[in-house]
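>>> sequence and predicted model, in that order:
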Amino acid sequence: MNKKISYIVLSSVLFLAACSNSTTDVTTDKTEISAENLVVADYAIEGMVCAVGCAKTIEEEVGALSGVAVSTVDYESGKAHFEYDKSKLSEKEIITKIESLADGQYKVGEWKEQVESTESVSPDASENTNTEAEDQTKVKVNLPSFQIPNLFTFLINQV
């Protein structure tokens, strides 16, 4: 009986070792795009709630489309950047793909670069406008209050 068990265990180990040593060849298709067919598109994506699940999923799903050379999505800024071959893929197909993910959770819009405005202010009015601008940009935050118990009092009460 022990010989049979030993034989089964030994053959199982050898079988698993043989299976783990087998390698699979993974081929990656690099998409080469001629300059006249290259389209660079940036989009604003709303509805993302995390970098790993949302942004990475969008990046991988669009990157898997035929004709896409570059697919990057930045969760922090909400920006998606794609470079694709317009002879193989259209902008509408990319947008449709993104908006079909996660049961339509994501909405694609036009990406607008945020540029800081540098308005010149006359020296007389600079004091008033600075305080008004500061008041408008200030955000009131209510932090939860909690109290750390006094360890010494706690120990004395336990005795």
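Noted; the coordinates are in hand. Numbers count the residues shown, from 1 in each chain.
>>> how close does the residue nearest to Cys54 when sequence neighbours are not counted get to Glu36?
Using C-beta to C-beta, 6 or more residues apart in numbering and skipping the chain neighbours, the partner closest in space to Cys54 is Met48 (3.8 Å). (Each C-beta comes from the backbone N, C-alpha and C, glycine too.) According to C-beta to C-beta, to the nearest Å, Met48 and Glu36 sit 33 Å apart.
>>> for the residue nearest to Cys54, helix, strand, or coil?
Secondary structure, DSSP: H, G, I helix; E, B strand; the rest coil: Met48 is coil.
>>> now the helices for the chain?
In the chain, the segments counted as helices under DSSP state H are 2-21, 56-63, 91-100, 126-137, 151-158.
>>> circling back: neighbour count winner among Met48 and Glu36?
Legend: neighbour count by other C-beta atoms under 10 Å for Met48 and Glu36, higher for Met48 (21 against 7).
>>> and the pLDDT at that one?
With respect to pLDDT, Met48 scores 91.
>>> quick one: contacts for it?
By C-beta atoms under 8 Å, 6 or more residues apart in numbering, the residues touching Met48 are 54-55, 58, 73, 75, 78, 106.
>>> same check, this time on Asp42
Counting by C-beta under 8 Å, 6+ apart, the residues that Asp42 touches are 79-82, 111.
>>> so which of those sits lowest on pLDDT?
Pick the lowest pLDDT in those and you get Trp111, at 86.
>>> tell me, how many residues neighbour that residue?
16.
>>> isn't it up against Lys79?
Yes. Contact criterion C-beta atoms under 8 Å: Trp111 and Lys79 qualify, at 5.7 Å.
>>> now list whatever residues contact both of the two.
Contact with both Trp111 and Lys79 is made by residues 42-44, according to C-beta under 8 Å, 6+ apart.
>>> tabulate these (a markdown table), appending distance to Ser87 and pLDDT.
Formatted as a markdown table, the shared contacts of Trp111 and Lys79 follow (distance: C-beta to C-beta, whole Å; pLDDT from 0 to 100):
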| residue | distance to Ser87 | pLDDT |
| --- | --- | --- |
| Asp42 | 20 | 93 |
| Tyr43 | 20 | 94 |
| Ala44 | 26 | 93 |
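>>> out of those residues, which is nearest to Ile8?
Distance to Ile8, by C-beta to C-beta, is smallest for Tyr43 among the shared contacts of Trp111 and Lys79, at 57.5 Å.
>>> who's in contact with the closest one?
The contact partners of Tyr43, by C-beta under 8 Å, 6+ apart, come to 79-80, 82, 95, 98, 108-111.
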